[in-house]
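In: Here's my sequence, what's the structure:
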Amino acid sequence: MAMLTAAMRKAVYSSPAARTRFTSSYAAAMSKLDVMSTPKMPDFDYSPPPYTGPTAAEILKKRKEFLSPSMFTFYDRPLHVVDGKMQYLFDENGRRYLDAFGGIATVSCGHCHPVVVDAIVKQTQRIQHSTILYLNSAIADFAEALASKMPGDLKVVFFTNSGTEANELALMMAKLYTGCQDIISLRNAYHGNAAGTMGATAQCNWKFNVVQTGVHHAMNPDPYRGLFGADGEKYAKDVQDLIDFGTSGHVAGFICEAIQGVGGIIELAPGYLSSVHSIVKKAGGLFIADEVQAGFARTGSHFWAFESHGVVPDIVTMAKGIGNGIPLGAVVTTPEIANVLTRRSYFNTFGGNPVATSAGHAVLNVIAKEKLQENAHLVGTYLKERLTALKDKYELIGDVRGRGLLLGVELVTDRQKKTPAKAEIMHVMTQMKEMGVLVGKGGFYGNVFRITPPLCFTKEDSDEDGDSTATTVSSSFSRHDKTFNFYKKFFGRLILAGKTPDITRSPVTTRN
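Out: So this is what the prediction gives:
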């Protein structure tokens, strides 16, 4: 589809009937692909036990009857996952899939990592839940370990159950501390789906028609689609304008992700955060770094994504990778700001649960011991270079971006107009799933691949061997349309990035 001429594309999109005919022909061509030429999945010394539970059809029927109709699935035939181990998932038939989505950037150490599982089991066998009204070492030990990973005076930890809850608490603390009610966030942002965080979220796809007040959405410093390209300082001026013309001149805070996850893996323009940090501080506001998706070594070069911008936030929120899949979130701030919650009684029944915090502590230990930050840097750099090389060959790829193992590939039907390839991305995702690779999608238009695998995702230690394999894959499918060839090469790159470990010293920033 990427190689269609303008006239051909016009014919394809001219009517629903033409679209249907093209889709049918497209599907027929796809079904003829020679799967024997697909890159072989790397050897893996684990086979799941036979599955004897309900079928996919039975589960789907129950979901439709008993669960919220708002719940959606990927693919026309939803994947039925019954087992997982490290960077792989297994369906009910025992088929193995390379997981390049990681449960939406949540599985950090790897599915069912033995160290994390052991910590959960041991704590569960000892005491599963009490309350923070009693003493328990699990929460205190994890808070100390987490604080050691933070810069500056960020050393007071509040535990929550999710990223939404963490961001809600951070926004409330900013308002209490400053005495102001105005919050600034970015257009295209996603910070959660509760009352306050939905206000800070700035995509209509994720916002219900409920009261959301006191939030101002600044121009998004998007280097690919933004008005000023990669000029961060020009975007920052919009924040100053919002303060000057939309508030009393004082604000409670500014919240953002250094790399927008749901927004399509958008890395903020260089120079933006440092400029905005200064502007917001002059207006009396706090800087809140949302590290729910980008934190915990995922970007490779740093443990926290905000560190690459040379700023120190007043509050940091986190979730997802913190627990490797356990429902867990946290807010970390300074002692002075943390003190605002003593004005009334603040309590969280499950925040700091001993099982959850034991899991979180184990995650930190695994990241350090197995050098997963270094691995994210090495493998992510390797994969991004290969995807960027594909961009030079295939018009369908408009942009490749991100850091470490937080990567995005935006598909467009027209590079000049940057027309979102909405239909094409679904075809690609489905075909990749059939070949055994799982990726996510995001962005406002839903046309961006989100590549956020477990941090144990590995690379072939011989680039020459990897390149020769990819070349073989490419030549094997040269008889097909170049769009099909794109599927195969993209799939091949992901497979090649999932082979042999290659952990060496790399230029990353760690905090002991």
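In: so where's the chain uncertain?
Out: Low-confidence segments of the chain (pLDDT under 70): 1-39, 459-512.
In: ok, longest strand in it?
Out: Taking DSSP state E as the assignment, the strand of the chain that covers the most residues is strand 406-414.
In: So which bits of that strand are buried?
Out: For strand 406-414, burial by neighbour count (16 or more other CB atoms under 10 Å) applies to L406, L407, G408, V409, E410, L411, V412, T413. Every residue, glycine included, has its C-beta placed from N, CA and C.
In: starting at the chain centroid, how far to the longest helix along the chain?
Out: Assignment by DSSP state H gives helix 372-391 as the longest helix of the chain. Centre-to-centre, helix 372-391 and its host chain are 15 Å apart (CA atoms, centre = their mean, to the nearest Å).
In: So which other helices or strands are in contact with that helix?
Out: Where contact means 3 or more CB pairs under 8 Å, 6 or more residues apart in numbering; DSSP states H and E, helix 372-391 is packed against strand 397-403, strand 406-414, helix 482-496.
In: helices or strands up against the second one?
Out: The one in question is strand 406-414. In terms of contacts (3+ CB pairs under 8 Å, 6+ apart), strand 406-414 is packed against helix 372-391, strand 397-403, strand 419-420, helix 422-435, strand 448-451.
In: which helices and strands sit right next to the very next helix or strand once past the fourth one?
Out: Heading C-terminal from helix 422-435, the first helix or strand you meet, by DSSP states H and E, is strand 437-438. If contacts are counted by 3+ CB pairs under 8 Å, 6+ apart, strand 437-438 sits against strand 96-99, helix 482-496.
In: mind running it again at 10 Å?
Out: For strand 437-438, the packing partners by 3 or more CB pairs under 10 Å, 6 or more residues apart in numbering; DSSP states H and E come out as strand 96-99, helix 422-435, helix 482-496.
In: strand partners of it, parallel vs antiparallel please.
Out: The sheet places strand 437-438 alongside strand 96-99 (parallel), with pairing taken from DSSP bridges.
In: what's the helix or strand following the strand it pairs with in contact with?
Out: Sequence-wise, the next helix or strand downstream of strand 96-99 (DSSP H and E) is helix 102-105. With contact meaning CB atoms under 10 Å, 6 or more residues apart in numbering, helix 102-105 is reached by 81, 84, 87, 89, 108, 110-111, 261-262, 265, 292-296, 298, 319-321, 324-325, 405-406, 438, 440, 442, 450-457.
In: Sort out which of those residues are in strands and list them.
Out: Checking those against DSSP E, those in strands are V81, G84, L89, L406, L438, G440, G442, R450, I451.
In: in the sheet, who's paired with the first one?
Out: On the basis of DSSP bridges, V81 is bridged to D91.
In: out of everything not next to it in sequence, what's closest to the most centrally placed residue in the chain?
Out: The residue lying closest to the centre of the chain (CA atoms, centre = their mean) is A105, at 4.1 Å. Leaving aside its chain neighbours, A105 sits nearest to T452 (3.8 Å; criterion: CB to CB, 6 or more residues apart in numbering).
In: Against G310, how distant is that neighbour?
Out: According to CB to CB, to the nearest Å, T452 stands 24 Å off from G310.
In: Compare these two (neighbour count), which wins?
Out: With neighbours defined as other CB atoms under 10 Å, T452 and G310 compare such that T452 has more, 33 against 10.
In: And that one, how close does it get to G103?
Out: From T452 over to G103 (counting by CB to CB), the distance is 9 Å.
In: what do those two both touch?
Out: Residues within reach of T452 and of G103 at once, by CB under 10 Å, 6+ apart, are K320, G321, G440.
In: Relative to the whole chain's centre, how far out is stretch 75-85?
Out: The answer for stretch 75-85 is 19 Å, by CA atoms, centre = their mean.
In: for stretch 112-126, same thing?
Out: Its chain's average C-alpha position is 25 Å from that of stretch 112-126, according to CA atoms, centre = their mean.
In: residues making contact with that stretch?
Out: Residues contacting stretch 112-126 (CB under 10 Å, 6+ apart): 46, 83-86, 107-111, 136, 138, 323-326, 353-363, 365-366, 369-370, 454, 456.
In: circling back: quick one: which of the ones in strands among the contacts of helix 102-105 is nearest A389?
Out: Of all the ones in strands among the contacts of helix 102-105, A389 sits closest to I451, with 15.3 Å by CB to CB.
In: ok, the nearest residue to the closest one once chain neighbours are set aside - contacts?
Out: Once flanking residues are discounted, I451 sits nearest to L407: 4.2 Å by CB to CB, 6+ apart. Taking CB under 10 Å, 6+ apart, we find L407 in contact with 100, 259, 265, 380, 383-384, 387, 400-401, 439, 448-453.
In: Give me the buried positions along stretch 192-211.
Out: Within stretch 192-211, the residues scored as buried using 16+ other CB under 10 Å are G192, G196, T197, M198, G199, A200, T201, A202, Q203, W206.
In: Then stretch 81-100?
Out: Going by neighbour count (16+ other CB under 10 Å), the buried part of stretch 81-100 is 81-92, 96-100.
In: Name whatever forms a beta bridge with the residue nearest to I451.
Out: G402, I451.
In: In three-state terms, label G300 for me.
Out: Reduced to three states with DSSP: H, G, I helix; E, B strand; the rest coil, the structure at G300 is coil.
In: got the contact list for F306?
Out: Per CB under 10 Å, 6+ apart, neighbours of F306: 151, 256-259, 268, 273, 277, 287, 289-291, 294-295, 299, 312-313, 316.
In: do D392 as well
Out: By CB under 10 Å, 6+ apart, the contact set of D392 is V400.
In: quick one: it from V400, how far?
Out: 10 Å.
In: next one: G179
Out: 44 Å.
In: Now do the contacts for A166.
Out: Counting by CB under 10 Å, 6+ apart, A166 touches 158-160, 191-192, 197, 290-292, 315-319, 322, 328-332, 351.
In: just checking, it is part of a helix?
Out: Yes: counting by three-state DSSP, A166 is part of a helix.
In: quick one, phi/psi of the residue nearest to T333 when sequence neighbours are not counted?
Out: In this structure, T333 finds its nearest non-sequential neighbour in I315, 4.5 Å apart by CB to CB, 6+ apart. Main-chain dihedrals, I315, degrees, to the nearest 10: phi -140, psi 140.
In: could you point out which element follows whichever strand or helix holds M173?
Out: Assigned by DSSP H and E, M173 belongs to helix 163-178. Remark: after helix 163-178, the chain's next helix or strand is strand 183-186, criterion DSSP H and E.
In: so what strands line up beside that next one?
Out: strand 215-218 (parallel), strand 253-256 (parallel).
In: how far away is P42 from T178?
Out: When distance is defined by CB to CB, P42 is 52 Å away from T178.
In: hang on, the earlier thing: name whatever forms a beta bridge with the residue nearest to T333.
Out: Counting by DSSP bridges, I315 forms beta bridges with I288, T333.
In: hang on, the earlier thing: how far away is the residue nearest to the centre of the chain from S248?
Out: Taken as CB to CB, the span from A105 to S248 is 37 Å.
In: Check C204 too.
Out: Remark: distance between C204 and S248 (CB to CB) = 28 Å.
In: And for the nearest residue to Q181 once chain neighbours are set aside, the neighbour number?
Out: Nearest non-adjacent residue to Q181, counting by CB to CB, 6+ apart: G214, 4.6 Å away. Neighbours of G214 under the rule other CB under 10 Å: 16.
In: Run through the residues that contact G214.
Out: L171, K175, C180, Q181, D182, I183, G196, G199, A200, T247, V251, A252.
In: Can you tell me which of the buried residues of strand 406-414 is closest to A338?
Out: Checking the buried residues of strand 406-414 against A338 with CB to CB, the nearest one is L406 at 28.6 Å.
In: thought that closest one was touching F449?
Out: No: judged on CB atoms under 10 Å, L406 makes no contact with F449 at a distance of 11.9 Å.
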